[in-house]
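**Q** Got a predicted model here, sequence first, then my questions.
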Amino acid sequence: MRIFITGASGLVGSNCLRHFKEKGWNAIGTYFSYEAQDTVFYDTLQPDNENNYDVAAFKPEVIVHCGALTHVDYCEQNEAESYEKTVVSTQNMIALAAEMNARLVFISTDYIFDGESGPYEENAPVNPLSIYGKHKLEAEQLVLQASEDHLVLRITNVYGDEERGKNFVSRILDQIFNQQKLTLRLPIDQYATPINAYDIARCLYLLLNDQKSGVYHIAGTDYMNRVQLALNILKYFPDATYELIPLTTDKIGAPAARPLQGGLKNRKFMSEYPDFRFNTVDDYVSYKSILTEED
Ligand SMILES: NC(=O)c1ccc[n+]([C@@H]2O[C@H](COP(=O)([O-])OP(=O)(O)OC[C@H]3O[C@@H](n4cnc5c(N)ncnc54)[C@H](OP(=O)(O)O)[C@@H]3O)[C@@H](O)[C@H]2O)c1
């Protein structure tokens, strides 16, 4: 399988690149501003940029679009830029997929729901609260309208290995490993289903291999808020020093509204892949803590 992955310098894209290569697929992954290992330059906002990797020569059968602006509060305050980087970039990838006769995979979010009654199944009514959520919803609808063969994965609260270690779990682990005191001001009322990026890659491999299309919720079995998530990490490091300040979302006062009872149900995926085993936060952190002991 020839696969072109935009945003492979990021968390989800880099795990997809790694896993697809492990599986023997011919995968090319791109970066935009940070040249991660084994990536080529590509700007999804300028498909005609002369510095772009030559996608036409590669002739991908699948395009996995992970390139995006993922900072929810920044999107709220920069609506036009959010639209460009989420909706317009996806329109460009829809056009590229049509030109290449390739299937497109778009990565969406539980922020398309209002968080009144999560975790959510695929057919739950949508009602995004934020600009980020609205733009993700618009982009996924464009993808689904463009072809019955395209695939939308909805995910949330992603953690895992990535070169820059910028996800929530990695940042906490880095500070613990560097013996820094942590000050954690975290929402206690935002619930979601954390997932390891590597599991997203494993699921996507199966779905692509089986020519699946439409919407899939890819979520682990954990359901927790950020305070619980942090405590779940810290319990493996009894010597870590930290101050944990649990706050309600209204006290945090972030620019963008969040779904409180968010998260996703993986029932559809599990009914099709009953033998699949999702990793938990415990699996990931206990493994990381053992690796450190061995160092
Ligand atoms: N992380 C989560 O918890 C989460 C939750 C729900 C949905 N998602 C979705 O999953 C997808 C991947 O997210 P992620 O967590 O992997 O994000 P990430 O780590 O922030 O990576 C974003 C990627 O997009 C690339 N990019 C930015 N602008 C680009 C452009 N103009 N052209 C090409 N590439 C561009 C970045 O490249 P450079 O870094 O090289 O500039 C980076 O590789 C996104 O669609 C996101 O909305 C993520």
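**A** Looks like it arrived, so ask away.
**Q** quick one: the closest residue to Gly10 other than its chain neighbours and Pro194, what's the gap?
**A** Excluding the flanking residues, the one nearest Gly10 by Cβ to Cβ, 6 or more residues apart in numbering is Cys66, at 5.9 Å. C-beta here means a position set from N, CA and C on the backbone, and glycine is covered the same way. In this view, Cys66 and Pro194 are 18 Å apart by Cβ to Cβ, to the nearest Å.
**Q** now swap in Cys203 and tell me
**A** Separation of Cys203 from Pro194 (Cβ to Cβ): 15 Å.
**Q** Phe4 contacts Val64, doesn't it?
**A** Yes. Using Cβ atoms under 8 Å, Phe4 is in contact with Val64, at 7.2 Å.
**Q** Could you pull up the contacting residues of the residue of the chain found nearest the ligand?
**A** Residue nearest to the ligand within the chain (Cβ to the nearest ligand atom): Gly10, separated by 2.0 Å. Residues in contact with Gly10, defined by Cβ atoms under 8 Å, 6 or more residues apart in numbering, are 66-67, 70, 162.
**Q** Take stretch 146-166, keep the C-alpha atoms, and write them as CSV.
**A** What follows is stretch 146-166, C-alpha atoms only, in CSV (Å, rounded to 0.1, in the frame of the first residue of the first chain):
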residue,chain,number,x,y,z
ALA,A,146,-16.6,13.9,-1.4
SER,A,147,-16.5,10.1,-1.6
GLU,A,148,-18.1,7.1,0.0
ASP,A,149,-14.6,5.6,0.1
HIS,A,150,-13.2,8.2,2.5
LEU,A,151,-12.7,7.6,6.2
VAL,A,152,-13.1,9.8,9.2
LEU,A,153,-11.6,8.8,12.6
ARG,A,154,-12.7,10.7,15.6
ILE,A,155,-10.3,10.7,18.5
THR,A,156,-9.6,12.6,21.7
ASN,A,157,-7.0,13.1,24.4
VAL,A,158,-4.2,11.5,22.5
TYR,A,159,-0.9,10.7,24.2
GLY,A,160,2.1,8.6,23.4
ASP,A,161,5.6,8.7,21.9
GLU,A,162,6.5,11.7,19.7
GLU,A,163,9.8,13.4,18.9
ARG,A,164,8.9,16.7,20.6
GLY,A,165,7.1,15.1,23.6
LYS,A,166,4.4,17.9,23.6
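**Q** what mean pLDDT does that stretch have?
**A** Across stretch 146-166, pLDDT averages out at 97.
**Q** Now do the buried residues in that stretch.
**A** Counting neighbours by 16 or more other Cβ atoms under 10 Å, one finds that the buried residues in stretch 146-166 are 146, 150-162.
**Q** so is the closest residue to Ile172 other than its chain neighbours in a helix, a strand, or just coil?
**A** Nearest residue to Ile172, sequence neighbours excluded (Cβ to Cβ, 6+ apart): Ile233, at 5.2 Å. Secondary structure for Ile233, judged by DSSP: H, G, I helix; E, B strand; the rest coil, is helix.
**Q** mind checking pLDDT for Leu294?
**A** Careful, residue 294 is Glu; it's not Leu. Per-residue confidence (pLDDT) for Glu294: 64.
**Q** List, one by one, the residues from the protein near the ligand.
**A** Within the chain, the positions lying close to the ligand (Cβ under 6 Å from any ligand atom) are 6-7, 9-13, 31-34, 42-45, 66-68, 70, 85, 89, 107, 109, 155-158.
**Q** Among those residues, which lie within helices?
**A** Mapping those onto helices (DSSP state H) picks out 11-13, 89.
**Q** Select, from those, the two members most distant in space.
**A** Pairwise distances among these were taken by Cβ to Cβ; the largest, 17.2 Å, belongs to Leu11 and Ser89.
**Q** in the chain, which ranges drop under the pLDDT threshold?
**A** Applying pLDDT under 70 to the chain flags residues 294-295.
**Q** Break down it into its strands, ranges please.
**A** Counting by DSSP state E, the chain has strands at residues 2-6, 26-31, 39-41, 62-65, 103-109, 151-155, 158-159, 182-187, 191-192, 195-196, 214-217, 224-225, 242-247.
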